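A.B. asks: this one's structure only:
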């Protein structure tokens, strides 16, 4: 049992107070986990574009202050009552879209939009008490092999799993099929890897930045299209 279990922990965090404004390094208090919650010591974090989206607060209700960094890797410090899948010392990756494992969506092979833990940009607080947002629901963590280097696998908690899962679990391309991927960032490259693993014969990468093309070859992309290199398509009815 951690010596800090059940106690409020003080630690540093980069806090966003306003949309688009620089983050401020501050000392924050992290409350102990309550029922079905887990407190994690974050050791490494990567920059996910979704963090930038919420920081800019474009097309959504601004909700501040916020502490970003869901694409991360860490170690469980303590757990709340009812948590049986994780224990202190376990290595974990936070999951942006959690799974309660009990609702119809979690039990379905066609959707992971959990009824309990699906994305809610207006909530911003923990489910049980409506106050704490510095610990996470157990359904928003994935236990990993402690031998995996956290400074590298932190990217698996969001971008890689999103792209790979979209291909393998949703698109499900057949062997020998042709796949087009729009955008060759982290998610796009992971989607390309999924297409390669599925046996796609042609994987076409579409991106406005041609500098990404060489790197994309390592993930199985076989052909490339930069829309800026082509004239605008004719409207319907034109010759």
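C.D. replies: Yep, it's here. Since the model is a prediction, treat every value here as computed from it, not as a measurement.
A.B. asks: can we go C-alpha only for contacts and neighbour counts from here?
C.D. replies: Fine.
A.B. asks: what's the spacing between the nearest residue to residue 97 once chain neighbours are set aside and residue 188?
C.D. replies: Excluding its sequence neighbours, the residue lying closest to residue 97 (CA to CA, 6 or more residues apart in numbering) is residue 118, at 5.6 Å. The spacing between residue 118 and residue 188, counted by CA to CA, to the nearest Å, is 22 Å.
A.B. asks: Between those two, which is the more surrounded one?
C.D. replies: residue 188 (25 against 15; other CA atoms under 10 Å).
A.B. asks: So the more buried one is in contact with residue 182, correct?
C.D. replies: Yes. Between residue 188 and residue 182 there is a contact under CA atoms under 8 Å: 7.0 Å.
A.B. asks: tell me the centre residue of this protein?
C.D. replies: For the chain, residue 158 is the residue whose C-alpha lies nearest the centre (CA atoms, centre = their mean; 2.4 Å).
A.B. asks: Which helix runs longest in this protein?
C.D. replies: The residue-count maximum for a helix in the chain (DSSP state H) belongs to helix 186-198.
A.B. asks: who touches that one?
C.D. replies: For helix 186-198, the external contacting residues (CA atoms under 8 Å, 6 or more residues apart in numbering) are 159-168, 172-175, 179, 181-182, 203, 216, 219-221.
A.B. asks: again with stretch 211-230
C.D. replies: Contacts for stretch 211-230 (CA under 8 Å, 6+ apart): 184, 189-190, 192-193, 195-196, 202-210.
A.B. asks: Buried ones among these?
C.D. replies: The neighbour count (16 or more other CA atoms under 10 Å) marks 184, 189-190, 192-193, 195-196, 202-207 as buried among the contacts of stretch 211-230.
A.B. asks: Is the nearest residue to residue 194 once chain neighbours are set aside within a helix or a strand, and which one?
C.D. replies: Distances taken as CA to CA, 6+ apart put residue 164 closest to residue 194, at 4.9 Å, once the chain neighbours are dropped. Assigned by DSSP states H and E, residue 164 falls within helix 159-165.
A.B. asks: next one: that helix to chain centre, how far?
C.D. replies: 8 Å (CA atoms, centre = their mean, to the nearest Å).
A.B. asks: Let me know the next secondary structure element after it.
C.D. replies: strand 178-182.
A.B. asks: What strands line up against that next one, and which way round?
C.D. replies: Strand pairing for strand 178-182, determined by DSSP bridges: strand 202-206 (parallel).
A.B. asks: Looking at the helix or strand that the strand it pairs with is followed by now, give me its mean pLDDT.
C.D. replies: Later in the chain than strand 202-206, the nearest helix or strand by DSSP H and E is helix 213-217. Summarised as a single mean, pLDDT over helix 213-217 is 94.
A.B. asks: same check, this time on stretch 50-58
C.D. replies: Stretch 50-58 shows a mean pLDDT of 82.
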